[in-house]
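S.K.: Below is the sequence, then the predicted model.
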Amino acid sequence: MAENLSDDSQKADQNKKRRRAIFFAALLALVAAIWGIVAWIQNDAARNKSPQRVYNYIAPSREDCLKMKNSEDADFCLDRVIAAEAVNDGDFYRCAEIKDEWVRDDCRLAVARNLGDEKLCEIMGSKFGKTRCLSIVGIVKKDTAVCDLFDSGERYEKQECVDRVMAFIIAEDGDKETISKCADLKTLEYEKLCLINSYQNKFDGDCTAVPQAFRQYCLAQAIISGNPNFDDCNEIDMKDDRDTNNYRNFCYKVAQMGHIEAAKVDSDGDGVNDANELFMNLDPYNADVDGDGLTDGEEWIVYGTNPASRDSDGDGVGDYEQAMSEKLPDGGE
């Protein structure tokens, strides 16, 4: 009897791992498709004043799903079928039939984006989903007013949305002089996102043509993105010594390990890899940049707060205190 229970437990764990792997594969494919369609819409808009916003997501057929022996895998597969039908039909409310929360949110996000209707984002099933939805609709419409749908208690989320949308607006405005506006984006990675897209869109990737104030990061990215050796890495020279050392150290890892393995390195063990820490203006060798008691990974991944600020939403209550109160029953009462 005990052996049967053990076997059943192992099978359940294997099924759970397999389902999780399928989910993340599907999620990555869907995210890639989302950004691909954003690019398509933007390119099509340049050619046609009224582009048709069609989202073609190829999912398994119902017949394929029903052939699956594992019921959880079959349910997840059917969720993807419903998502594809809802997105292709532009039926936002059909997404509610999806059982898996993440797939349901991705379905709603894709429909809201295709319809260009930011009000639909308010019906998303999570704060993260709402934030992502408003940002993507704002990028497609090139309008930061979309972010005004955040309420007064979501000041950090609103600013993140505005900065994300502005990063694309600045990078795609065709004006080389406006690259300086990237520096006004203070939320995590959006200054760097703005700069990287501006380098490509405004200067065709030619770092020597970039204004001096923004050239160092362009050159560092070009070195690291290539196939650098240690001498190449030594050429990196950022605005201050800490950034110079951090970028060089990451470049050394790329030179020694290759891009894929280097991207897995998390030097301070905070749950955020070194590449992402550099991209977000954090420190790969300091697990708690703002010193508030929460690691950078806890803030960015778990609580959705700013790792570089002790009070992300500026309400006078620190991120640590808010995080701890959420862990207590009845909100700490």
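M.R.: Received, thanks. Numbers count the residues shown, from 1 in each chain.
S.K.: so the closest residue to residue 319 other than its chain neighbours, which of the three states?
M.R.: Nearest in space to residue 319, with sequence neighbours left out and distances taken as Cβ to Cβ, 6 or more residues apart in numbering, is residue 305 at 4.4 Å. The C-beta positions use only the backbone N, C-alpha and C, and glycine is treated the same way. Secondary structure, DSSP: H, G, I helix; E, B strand; the rest coil: residue 305 is coil.
S.K.: So for residue 305, what's the pLDDT?
M.R.: What the model reports for residue 305 is a pLDDT of 88.
S.K.: Got the phi and psi for residue 61?
M.R.: Dihedral angles of residue 61 (phi, psi; degrees, to the nearest 10) stand at phi -80, psi 160.
S.K.: Make sure it is actually in contact with residue 78.
M.R.: No. Using Cβ atoms under 8 Å, residue 61 is not in contact with residue 78, being 10.3 Å away.
S.K.: Looking at these two, which is more packed in?
M.R.: residue 78 (21 against 11; other Cβ atoms under 10 Å).
S.K.: Report all helices and strands that the helix or strand where the more buried one lies contacts.
M.R.: For residue 78, the host element (DSSP states H and E) is helix 71-89. Packing partners of helix 71-89 (3 or more Cβ pairs under 8 Å, 6 or more residues apart in numbering; DSSP states H and E): helix 2-47, helix 62-66, helix 101-115.
S.K.: If you average pLDDT over each of the ones you listed, which is lowest?
M.R.: Minimum mean pLDDT among the helices and strands packed on helix 71-89: helix 2-47, a mean of 43.
S.K.: Could you say which helix or strand holds the spatially most central residue of the chain?
M.R.: Nearest residue to the geometric centre of the chain (Cα atoms, centre = their mean): residue 132, 8.1 Å. Taking DSSP H and E as the definition, residue 132 sits inside helix 127-141.
S.K.: Specify the angle between whichever helix or strand comes after that helix and helix 127-141 in degrees.
M.R.: Following helix 127-141 in sequence order, the next helix or strand is helix 155-171 (DSSP H and E). For helix 155-171 against helix 127-141, the angle by axes from the mean of the first three to the mean of the last three Cα atoms, to 10 degrees is 30 degrees.
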